[in-house]
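Engineer: coords please:
(one chain, ligands or ions: 2)
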Amino acid sequence: MTLNDYLNKALKEGWAVAHFNISDAVTLAGICEAAKELGAPLMIGTSEGERKFIGSAQARVMINAYRDEYKLPIFLNADHHKSVSKAQEAVDADYDSIHIDLSVAKLEENIKGTKEVVAYVKSKNKDISVEGEVGYLVTESSKIYKEIIEIPPESLTKPEEAARFVQETGVDRFAPAVGNLHGIAANVKKLDIARIEAIRSLIGDTTMVLHGGSGTPDEQIKNAIEAGINNIHINTELRVAYADALRKFLNENPEETTPYKMFAPVIEAIKQKTAEKLKLFGSVNRI
Ligand code: G3H
Ligand code: ZN
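Structural biologist: Ligands and ions are numbered 1, 2, ... in the order given. Reported below is the predicted structural model:
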């Protein structure tokens, strides 16, 4: 099954494919261990920065190794690629999925660039899934904001614009701004469920992605899936679990120098957090 097959299955069955970001082998190990135990399909994402750090070829080879060894459907996504050329670079590096994020541009420009990426991708391999985004998120992934973040109403996705974008670009997945935020803010996230429903009613069978999943109350995640979300991104919560576990270990074992010893509790922490999300998203036993 291709990634689009899994996303369509999630749409039909009312659950969400989990997407986790990585920039190293330690995080990937923890995520894959949880998915293997729970029988969950996975999307692994690297933003432009994460891809540069880990290396495109290195990410590809590691994903392939887990696919073979764990017999898991794992798909590699070029997350938040912010230019047509960067998106094309990821296609050429054999990514399974491309997220072209031109959401800060005017709608016309966004449609034009996204269409270009869709055409490039589909000329290379029809199975590569493409995501586009309209409406913008005002914060950055992985930041823990001490302040309350207000969401400007003009940043939210207008359902008619979503419908037009999906129809004109032919993307496989659509990412809206519906009260979601990257990172964790001082205020609790509050998703606009009615807006998700309105967009869902206008975009037919196009699958829909929720970015900024970290720190969103479980009840809201469940409501969002029910309203039409089929794919959820988590980054910050894994990074916090990683850093906390490593800090704790090094504080308790200041003399330790062996990487596989100091990263063992990190992998365990990532595994636990991943398992929690896979259960919440309903992706257990969906292979
Ligand atoms: O694309 C990445 C995500 O949207 C992650 O957001 O860091 O709030 O979980 P998050
Ligand atoms: Zn995101």
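
Engineer: what about L246, how many neighbours?
Structural biologist: Close neighbours of L246, defined as other Cβ atoms under 10 Å, add up to 16. (Each C-beta comes from the backbone N, C-alpha and C, glycine too.)

Engineer: so it touches I267, yeah?
Structural biologist: No: counting by Cβ atoms under 8 Å, no contact exists between L246 and I267, whose distance comes to 10.6 Å.

Engineer: quick one, what contacts the closest residue to ligand 2 within the chain?
Structural biologist: Nearest residue of the chain to ligand 2: H211, at 3.3 Å (Cβ to the ion). The neighbours of H211, taking Cβ atoms under 8 Å, 6 or more residues apart in numbering as the test, are E133, L137, A175, N180, H182, H233.

Engineer: dihedrals phi and psi, the third one?
Structural biologist: So the one you mean is A175. The phi/psi pair for A175 (degrees, to the nearest 10) reads phi -110, psi 120.

Engineer: next, the distance between the ends of stretch 129-144.
Structural biologist: Stretch 129-144 stretches 31 Å from its first residue to its last (Cα to Cα, to the nearest Å).

Engineer: repeat for stretch 92-110
Structural biologist: So stretch 92-110: terminal residues 22 Å apart, Cα to Cα.

Engineer: what about it and ligand 1, touching?
Structural biologist: No: using Cβ under 6 Å from any ligand atom, stretch 92-110 never reaches ligand 1; the gap is at least 7.5 Å.

Engineer: just the buried residues of that stretch, please?
Structural biologist: By 16 or more other Cβ atoms under 10 Å, the buried positions in stretch 92-110 come out as D94, Y95, D96, S97, I98, H99, I100, D101, L102, S103, A105, N110.

Engineer: next one: that stretch to chain centre, how far?
Structural biologist: Distance of stretch 92-110 from the chain centroid (Cα atoms, centre = their mean, to the nearest Å) equals 14 Å.

Engineer: outside of that stretch itself, list whatever touches it.
Structural biologist: By Cβ under 8 Å, 6+ apart, the surrounding residues in contact with stretch 92-110 are 3, 43, 45, 56-57, 60, 75-82, 84, 87, 90-91, 113-114, 117, 121, 127-137, 161, 164-165, 173, 175, 177, 209.

Engineer: do that again at 6 Å, thanks
Structural biologist: 3, 56, 60, 75-82, 87, 90, 113-114, 117, 121, 129-133, 136, 161 (Cβ atoms under 6 Å, 6 or more residues apart in numbering).

Engineer: same thing with stretch 131-150?
Structural biologist: 99-101, 103-104, 114, 155-157, 161-162, 165, 169, 171, 173, 175-177, 181-187, 209, 212, 235-236, 239.

Engineer: cheers, nothing more for now.
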